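Q: A predicted structure for the sequence below; I have some questions about it.
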Amino acid sequence: MCSNSLRTFFNHQRTLLHPVIERVWKEEQRMLLDEIRFTEEPLILGGDGRADTPGHNAKFGSYTLMELSTSKVVHVELVQSNEVKNSNAMEKEGLTRSVHFLREEEMHIPTIVTDRHLQIQKWIREEMPDTVHHYDVWHVAKGLRKKMEALVKEKDCSIVGRWIRSICNHLYWAAASTPDGNGDVIRDKWLSVVNHIQNTHYGHGKHFPSCLHPDLGQDD
Ligand SMILES: [Zn+2]
């Protein structure tokens, strides 16, 4: 079938399609920022970077900030690896630019949730002193899962494999079931799993003394 030449295609893309996409996104973003300013709800942002190729040699990295109560993306930054020292620094650069953008927009960020990337931790601590920094439980669970998967391969530890899913779920639950974010309660809920997997369901930590599940009955 006949079609445009490649040159015409790219021409249309550059002169028509891309400007439209950019305009629609900017209008959307403007409306979203206005909405957030209007509601005056404290802003809770989740931020994470992704790269065009897995590993450490990506050419482009994007950094996305999402408003977590509505799951709407409020800002995206694209960083090219040659703009920074190395591709690892792209994530921090993306976050830095995103925060500067929101500051220009006079948006206050009381809470931010990210992974535990060391450069990110340091930057938020130093540059965002009025912002509370939380770690994303998804990234914590991912690290934990990897450790347990390694443990399964050790001698006499294969049974751990049957617990991985439940233990990760428990980690999510410890955070999600504590909406006030009380760290002592979250910690004791989390640590109770050590007793639970040994069929002991009470006598855990001070802030979470016993399991909440019903009686599990006798083992077969
Ligand atoms: Zn239990």
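A: Sure thing, it's come through.

Q: flag every residue of this protein that's near the ion.
A: Within the chain, the positions adjacent to the ion are 196, 201, 211 by CB under 5 Å from the ion. To be clear about C-beta, it is placed using only N, CA and C from the backbone, and glycine gets the same treatment.

Q: residue of the protein closest to the ion, please.
A: Nearest residue of the chain to the ion (CB to the ion) works out as residue 211 at 3.1 Å.

Q: that residue contacts residue 201, correct?
A: Yes. With contact defined as CB atoms under 8 Å, residue 211 and residue 201 form a contacting pair (4.1 Å).

Q: in the top helix by length along the chain, which residues are buried?
A: Once the chain is assigned using DSSP state H, the helix that runs over the most residues is helix 18-39. Applying a neighbour-count criterion of 16 or more other CB atoms under 10 Å, one finds 29, 32-33, 36 buried in helix 18-39.

Q: ok, residues contacting it?
A: With contacts defined as CB atoms under 8 Å, 6 or more residues apart in numbering, helix 18-39 is touched by 43, 67, 72, 74-75, 105, 107.

Q: tell me the average confidence for that helix?
A: Averaged over helix 18-39, pLDDT sits at 95.

Q: that one: what's the following helix or strand?
A: strand 44-51 (DSSP states H and E).

Q: can you check what angle separates the next helix or strand after that following strand from helix 18-39?
A: Remark: after strand 44-51, the chain's next helix or strand is strand 60-67, criterion DSSP H and E. Angle of strand 60-67 versus helix 18-39, following axes from the mean of the first three to the mean of the last three CA atoms, to 10 degrees, is 30 degrees.

Q: list the strands paired with strand 60-67, with their directions.
A: Counting by DSSP bridges, the strands paired with strand 60-67 are strand 44-51 (antiparallel), strand 72-80 (antiparallel).

Q: so which of those is the most surrounded?
A: Compared across the strands paired with strand 60-67, strand 44-51 shows the largest average neighbour count, a mean of 20 (mean count of other CB atoms under 10 Å).

Q: any weak-confidence spans in this structure?
A: Applying pLDDT under 70 to the chain flags the ranges 54-57, 218-220.

Q: how about the nearest residue to residue 190 once chain neighbours are set aside, what does it touch?
A: Closest residue in space to residue 190, ignoring its immediate chain neighbours: residue 174 at 4.3 Å, by CB to CB, 6 or more residues apart in numbering. By CB under 8 Å, 6+ apart, the residues touching residue 174 are 186, 189-190.

Q: so which of these is the most crowded?
A: Highest neighbour count within these: residue 189, with 23 neighbours (other CB atoms under 10 Å).
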